[in-house]
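Enquirer: I'd like to go over a predicted model; first the sequence, then the structure.
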Amino acid sequence: MRVTGSRAWGSALLAVVLAGLGVGGCGFGNNNGVTPGPTPVAGSEFVFVPDAVNNILNVLVIGPDGSFNNGPVPFVGTGVAPVWAAVAPNNEFVYVTNFTSNTVSAFTLNTTSGVVAGVGGFPAGAEPGAVAVDPSGKFAYVANNVGINLPGSVSAYSIGATGALTAVAGSPFAAGTNPQQGIAVTAGFVYVTNFGSSNVSAYSLNSGTGALTALAASPFATGAAPVSLAMDPAGKFLFTANSNTNNVSAFTVNGDGSLSPVPSSPFTAGNSPQYLVTDRTGTHLYVVNVNDNTVEAYNIAGNGALTLLNLYPTGLGPEGLAVDAANKFLLVANCGGGSLSGFSINGDGTLTSLGAPLLLGGCPQAVAITH
């Protein structure tokens with residue numbers, strides 16, 4: 001993996017100066033000059049970026065003043081081809097799916113010292129993609145792509161006191177064709193996008209065992225080839241990025257977990273929209289267009305309908321994205337450019353670039369941030 005010098009994110013419009021990360025890295029057990037960051041101050045947030053080329057998880061810290069630094073442990077090793085990451089609700093554990101080694105890597109996070117430590121690797125289905133943890137922090141779920149034009153599955157795990165994963169009875173559970181980078185868990189329900197069958201599988205979640213039961217009306221049709229999904233924090237709406245029809249499907253989440261299309265859905269997006277996320281208020285949606293190298297900002301109306309606000313350039317090949325817990329920043333992982341784009345989130349949901357993307361090297365594919 002290429003090691004880079006420090007690069008600053010900054011803008012005259014910002015009230016804070018964002019320090020350069022100097023993140024790089026590489027190899028197995030050798031930081032190749034990547035300097036550990038300082039011990040985080042109280043109120044810091046932690047950012048996790050899997051690198052699918054170098055088999056590492058980059059670890060960054062956002063200070064309460066908006067400064068960005070390396071973590072005290074700048075990166076940790078994963079399995080082969082890590083593509084997704086999720087942080088448990090209590091911020092104690094981080095989970096990373098390894099697409100090629102068919103495993104889930106588990107890590108502990110000490111939010112006081114900033115130290116990240118490995119728990120172990122746990123078996124998943126074939127070609128695991130998205131991972132999510134339920135709001136109670138008791139269970140984790142992984143979407144297994146399995147193979148081209150083949151029925152996929154969802155692996156379900158109980159989370160132990162150390163962060164270790166144990167498959168729940170009945171796991172894995174059947175899904176549609178080629179579930180990929182879309183999974184969401186609410187209180188009582190799990191949703192997975194199926195790229196090959198162009199729909200969303202919906203399940204009820206047994207709060208005692210973690211087992212899944214497909215809803216009677218599942219699956220729910222989307223646009224063609226949905227890659228990922230996003231749900232607002234209140235669990236009222238669900239959105240899918242449909243890569244082959246260049247649009248976003250929007251659904252109302254009903255009380256029984258079923259999905260109803262929002263009026264006027266789907267909504268036009270750019271060229272090959274694949275990843276999306278809502279802000280922490282649930283009033284704005286951000287969608288990356290992989291072939292356009294852009295991120296679009298939308299307003300979410302009270303009925304779930306979308307109105308485009310603007311679009312902004314990212315690095316090459318934008319993929320995963322995330323909003324920080326303070327709702328100040330949007331971060332986008334650029335696999336093609338080996339970088340991380342940053343934006344400040346304005347009050348009206350529009351974005352202001354923080355400057356040139358930060359070079360990480362390799363292929364950053366996802367971003368996860370503590371809650």
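Expert: Happy to help now that I have it. Quick caveat: nothing in here was measured; it's all calculated off a predicted structure. Numbering: from 1, shown residues only.
Enquirer: just checking, residue 35 touches residue 75?
Expert: No: the criterion here is CB atoms under 8 Å, and residue 35 misses it with residue 75 at 11.7 Å. The way it works is simple: take the backbone N, C-alpha and C, and place the C-beta from them, glycine included.
Enquirer: who has more neighbours, those two?
Expert: Neighbours of residue 35 and residue 75, each counted by other CB atoms under 10 Å, are more numerous for residue 75; the result is 27 against 14.
Enquirer: so the more buried one makes contact with residue 57?
Expert: Yes: taking contact to mean CB under 8 Å, the distance of 6.1 Å between residue 75 and residue 57 places them in contact.
Enquirer: got any residues that touch both of the two?
Expert: By the contact definition CB atoms under 8 Å, 6 or more residues apart in numbering, residue 75 and residue 57 are jointly contacted by residue 51.
Enquirer: what is the least confident helix or strand in this protein?
Expert: Within the chain, confidence by mean pLDDT, DSSP states H and E is lowest for strand 358-359 among all helices and strands, at a mean of 90.
Enquirer: neighbouring strands - and their directions - for it?
Expert: Using DSSP bridges, the neighbouring strands of strand 358-359 in the sheet come out as strand 339-345 (antiparallel).
Enquirer: other residues contacting the strand it pairs with?
Expert: Applying CB under 8 Å, 6+ apart, the set of residues contacting strand 339-345 from outside is 9, 11, 13-14, 18, 49, 68, 279, 284, 295, 312, 314-316, 318, 323, 327-334, 351-355, 357-360, 364, 367.
Enquirer: state the mean pLDDT of it.
Expert: With pLDDT averaged residue by residue, strand 339-345 scores 96.
Enquirer: cool, and stretch 109-119?
Expert: For stretch 109-119, mean pLDDT rounds to 97.
Enquirer: try stretch 267-284
Expert: The pLDDT scores in stretch 267-284 average 97.
Enquirer: residue 83 reaches residue 363, doesn't it?
Expert: No: using CB under 8 Å, residue 83 and residue 363 do not qualify as a contacting pair, with a distance of 9.1 Å.
Enquirer: what's the overlap in contacts for those two?
Expert: Common contacts of residue 83 and residue 363, defined by CB under 8 Å, 6+ apart, comprise residue 52.
Enquirer: looking at those two, which one has more neighbours?
Expert: In terms of neighbours (other CB under 10 Å), residue 83 is the more surrounded of residue 83 and residue 363; the figures are 27 against 22.
Enquirer: in what helix or strand does the more buried one lie?
Expert: Per DSSP states H and E: residue 83 is located in strand 82-87.
Enquirer: gap between the least confident helix or strand of the chain and the chain center?
Expert: Using CA atoms, centre = their mean, to the nearest Å, the distance from the centre of strand 358-359 to the centre of the chain it belongs to is 19 Å.
Enquirer: same question for stretch 294-304.
Expert: Shown here is stretch 294-304, whose average C-alpha point lies 18 Å from the average C-alpha point of the whole chain (CA atoms, centre = their mean).
Enquirer: show me what counts as buried in that stretch.
Expert: Residues of stretch 294-304 classed as buried: 294, 295, 296, 297, 298, 300, 304 (neighbour count, 16 or more other CB atoms under 10 Å).
Enquirer: got a pLDDT number for the fourth one?
Expert: Read it as residue 297. In the prediction, the pLDDT value recorded for residue 297 is 98.
Enquirer: measure it to residue 42 for me?
Expert: Taking CB to CB, to the nearest Å as the measure, residue 297 and residue 42 are separated by 31 Å.
Enquirer: same question, residue 51
Expert: Using CB to CB, residue 51 is found at 29 Å from residue 42.
Enquirer: more neighbours: these two, which one.
Expert: Here residue 51 and residue 42 are set side by side on neighbour count (other CB under 10 Å), and the busier one is residue 51, at 27 against 8.
Enquirer: I'd assumed residue 83 was in contact with that one.
Expert: No: with contact defined as CB under 8 Å, residue 51 does not count as touching residue 83 (9.8 Å).
Enquirer: okay, and the common contacts of the two?
Expert: With contacts taken as CB under 8 Å, 6+ apart, the residues that reach both residue 51 and residue 83 are residue 365.
Enquirer: pull up the per-residue confidence for residue 146.
Expert: Among the per-residue scores, residue 146 shows a pLDDT of 87.
Enquirer: pretty sure it sits against residue 152.
Expert: Yes: with contact defined as CB under 8 Å, residue 146 counts as touching residue 152 (4.7 Å).
Enquirer: these two: which is more packed in?
Expert: The neighbour comparison of residue 146 against residue 152 (other CB under 10 Å) goes to residue 152, with 28 against 20.
Enquirer: tell me which element that one falls in.
Expert: Taking DSSP H and E as the definition, one finds residue 152 inside strand 151-159.
Enquirer: low-confidence stretches in the protein?
Expert: For the chain, the stretches flagged by pLDDT under 70 are 1-33.
Enquirer: again, only this time at 80
Expert: 1-34 (pLDDT under 80).
Enquirer: quick one, helices of it?
Expert: Ranges of helices in the chain, per DSSP state H: none exist.
Enquirer: any idea how many residues pack against residue 347?
Expert: The criterion is other CB under 10 Å. On that basis, residue 347 has 6 neighbouring residues.
Enquirer: over to residue 178?
Expert: Taking other CB under 10 Å as the criterion, the count of residues near residue 178 is 25.
Enquirer: distance of the closest residue in space to residue 246 that isn't next to it in sequence from residue 294?
Expert: Spatial nearest neighbour of residue 246, chain neighbours left out: residue 269 (5.5 Å); criterion: CB to CB, 6 or more residues apart in numbering. Computed as CB to CB, the residue 269 to residue 294 distance reads 10 Å.
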